[in-house]
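S.K.: Build the 3D model from these lines:
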Amino acid sequence: MNKNNKAKTQVKQKQETTNVPKEAIPDKKPIKKPKHKTESIPAVKNHAQNYKKKSIKAIHPTKKQMIKTPKIVKNPNHKINKKTVKKTTSKKEKNTNILETYTILADNVKATVEIKTTETEYIPLYFLVRPQMSAATHAVLNTMRDELITMVNLSVKEFVDPSALTTVKKKFIKKAMELMEKYLPYATDKDKELLSGNLIHEMLGLGDIELILSDPYLEEIVINGHKEPLWVYHKHHGWVKTDIKLKNEDQVYNYASAIGRRVGRQITNLDPLMDAHLTTGDRVNATLFPISTQGNTITIRKFSRSPWTIIHFLEAKTLTKEVAALLWLAIQYELNILVAGGTAAGKTSMLNILMPFMPPNQRIISIEDTREINLPKFLHWVPFSSREANPEGKGAVSMLDLLTNALRMRPDRIIIGEIRRAKEAEVMFEAIRTGHSAYATFHGDKATEVYKRLTNPPMNLPDAFLSALHIIVVQYRHRRKGLRRTLEVAELIPTDTTNQLNVVYRWNPRTDVLEKIGKLHRVVNEINLYTGMTDIEIDEDIEKKAMILDWMIKRQIKTVNAVGKVIAEYYRDEKKVIEFASKNKNPSELLGDELTKELFSGEKP
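M.R.: Here you go, the predicted structure:
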């Protein structure tokens, strides 16, 4: 090939190369020349630091990744934030209306309660809006949970004693905070407390149920299996449906079993019904499938963390000052009282608020299936609770056993949580006839129905027994209005052949007033017989007691110990307490520094 042909071929190839599109030519990155040795060390160091930070963030989530705090929008057209609130229905809620919003706190875990109405539901909905954790944070907490179990050493007493739960929680929270420093170093102290609280709820408590247990406005918490949301009974709105659902039936069973173990009860397929209580005193009933055909159930009846007193009942118009003063007088002079009513009518609460009227120099014994009575610390009080048998059928202690035993302990007053059987009623009335003052609760909607139930099968008590009973107080629950009222106050008047009921006070639903419709006979005669007081003196005494109660309302003396202190001082120096009430004096001098402080820092029921 001559030089001319060779040159033409090279030019042709060059032209073909220049006509190739850019996309067909692979990118060739220029090779960088290595930098000077003195610059390579910091570059490697920075790269290593960046890699370390990325790896730590991948394992330990940042605050933004870890907790997503929802924004609470307070307006009538508030829409549910699907990221922060669990979905309760498949359809999107329209035209929601917020009825009430408030915050609750349990073990440093804070949440906002939103109660709403919607077009698609016939009842209000209860939403628990709280910070949500990411999947990465959940994984870290699971790792911490396993490690935390090995770190905390518990004594045998802490395992067995339900009252030691507070101490156990403190131990776990302390160790959990230490693990937070290890696994979540970038979290703030506030977030660490929040996460440790969630961890404690899962390990030692009932998960999300622990939060709603801290809601002071709830009376009942109901689990009807895992297929439907939890239901709660709200003091302001009645039955409402929550946005909380449990994962499966095993979780419901585990919660019921854990509750039972703490108080020495158990629930199994052979024994699928359980009555127990939480360490806070809240009553619990649990059932298992197939006895409850839709699934395992748990019903928790909450009791106020700050127990009710007579002042709370007077403020709520449950009864009047005149009736309260009459019952105070009856208890002072050892007359026997039976508190009756329907389910959740407030029978035990009424019994509880009347018991501080007892003199502090008398011995009191209370007998209950589940501990509910709470008396002031000034009283000489010995509480008892019944016990079920163990799996072998041994170790059962019934209320009848306790009642029989109590008569050997020289009690002045006996309190019986509830009379359910004829034997219990027989022993109680026998105790009354032997000189013991007794107070109990009983199921019955009216005074006449109470008397019929006691004198007919299965109770079938003779009229001679019932003549020892002086007063019947009937409580009523108005479900539609959400009210609890004292429906009737009646006295039992013995005659030659039978007993007659004399209804002295009855609630008027039109005026919402407990009206006096009769006159006292037996109560006045009994007090006159044993004290020598005339009818006029008895009326004056009732007026003075009503004045003291009115002063306690004005001065907001409503904690159990503060009310008990005023009553105890009354029995020691009646004139002094009447002077305080008549002149509306500051109660701090009468109560002392400790009770005055408790009075103004007490939690509202």
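S.K.: Give the closest residue to Asp412 in space, chain neighbours not counted.
M.R.: Leaving aside its sequence neighbours, Asp412 sits nearest to Gln362 (C-beta to C-beta, 6 or more residues apart in numbering; 3.7 Å). C-betas here are computed from N, CA, C, even on glycine.
S.K.: What count of nearby residues applies to that neighbour?
M.R.: 14 (other C-beta atoms under 10 Å).
S.K.: got it, and Thr188?
M.R.: Other residues close to Thr188 by other C-beta under 10 Å number 12.
S.K.: Surely the residue nearest to Asp412 touches Ile414?
M.R.: No. The pair Gln362 / Ile414 is not scored as a contact, 11.1 Å apart, by C-beta atoms under 8 Å.
S.K.: any idea how far Leu199 is from the residue nearest to Met203 when sequence neighbours are not counted?
M.R.: Closest residue to Met203 apart from its sequence neighbours, by C-beta to C-beta, 6+ apart: Arg145 at 6.2 Å. Between Arg145 and Leu199 the distance is 6 Å, computed by C-beta to C-beta, to the nearest Å.
S.K.: which one of those two has more residues nearby?
M.R.: Ranked by neighbour count (other C-beta under 10 Å), Arg145 and Leu199 place Leu199 first, with 22 against 14.
S.K.: Report pLDDT for the residue nearest to Met203.
M.R.: As predicted, Arg145 sits at a pLDDT of 82.
S.K.: And Lys157, by the same measure?
M.R.: The model's pLDDT for Lys157 equals 66.
S.K.: ditto for Leu204
M.R.: Turning to Leu204, the model gives it a pLDDT of 83.
S.K.: State the distance from it to Glu488.
M.R.: Leu204 is 45 Å from Glu488, by C-beta to C-beta.
S.K.: The two: which has the busier surroundings?
M.R.: Each of Leu204 and Glu488 has its neighbours counted (other C-beta under 10 Å); Glu488 has more, 24 against 16.
S.K.: Could you say which helix or strand holds the more buried one?
M.R.: Per DSSP states H and E: Glu488 is located in strand 483-494.
S.K.: Tell me the spacing between the residue nearest to Asp271 when sequence neighbours are not counted and Gln266.
M.R.: In space, and not counting its chain neighbours, Asp271 is closest to Pro391: 7.9 Å by C-beta to C-beta, 6+ apart. Applying C-beta to C-beta, the value for Pro391 to Gln266 is 7 Å.
S.K.: Can you classify Ile300 by secondary structure?
M.R.: Under the three-state scheme (DSSP: H, G, I helix; E, B strand; the rest coil), Ile300 adopts strand.
S.K.: pretty sure it contacts Ala286?
M.R.: No. With contact defined as C-beta under 8 Å, Ile300 does not reach Ala286; the gap is 9.4 Å.
S.K.: which stretches of the stretch 401-550 of the chain form strands?
M.R.: 413-416, 437-443, 471-478, 483-494, 499-508, 513-516 (DSSP state E, counting those that start in this stretch).
S.K.: between the third one and strand 437-443, how many degrees?
M.R.: In this case it means strand 471-478. Interaxial angle, strand 471-478 versus strand 437-443 (axes from the mean of the first three to the mean of the last three C-alpha atoms, to 10 degrees): 30 degrees.
S.K.: burial measure for Phe127, as a count.
M.R.: Phe127: 26 neighbours (other C-beta under 10 Å).
S.K.: Show me where the stretch 151-300 of the chain dips below the pLDDT cut-off.
M.R.: Scanning the stretch 151-300 of the chain for pLDDT under 70 picks out 155-163.
S.K.: go on, the stretch 401-550 of the chain?
M.R.: Low-confidence segments of the stretch 401-550 of the chain, defined by pLDDT under 70: none present.
S.K.: re the thing from before, wait, which of the strands of the stretch 401-550 of the chain is closest to Trp308?
M.R.: strand 483-494 (10.6 Å; C-beta to C-beta).
S.K.: I'd like to know which elements that closest one is packed against.
M.R.: helix 321-332, helix 447-455, strand 471-478, strand 499-508, strand 513-516, helix 522-531 (3 or more C-beta pairs under 8 Å, 6 or more residues apart in numbering; DSSP states H and E).
S.K.: what would the ones you listed look like in JSON lines with distance to Thr137?
M.R.: Converted to JSON lines, the helices and strands packed on strand 483-494 look like this (distance: least, C-beta to C-beta, whole Å):
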{"stretch": "helix 321-332", "distance to Thr137": "53"}
{"stretch": "helix 447-455", "distance to Thr137": "57"}
{"stretch": "strand 471-478", "distance to Thr137": "44"}
{"stretch": "strand 499-508", "distance to Thr137": "54"}
{"stretch": "strand 513-516", "distance to Thr137": "55"}
{"stretch": "helix 522-531", "distance to Thr137": "65"}
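S.K.: Sweet, I'm off.
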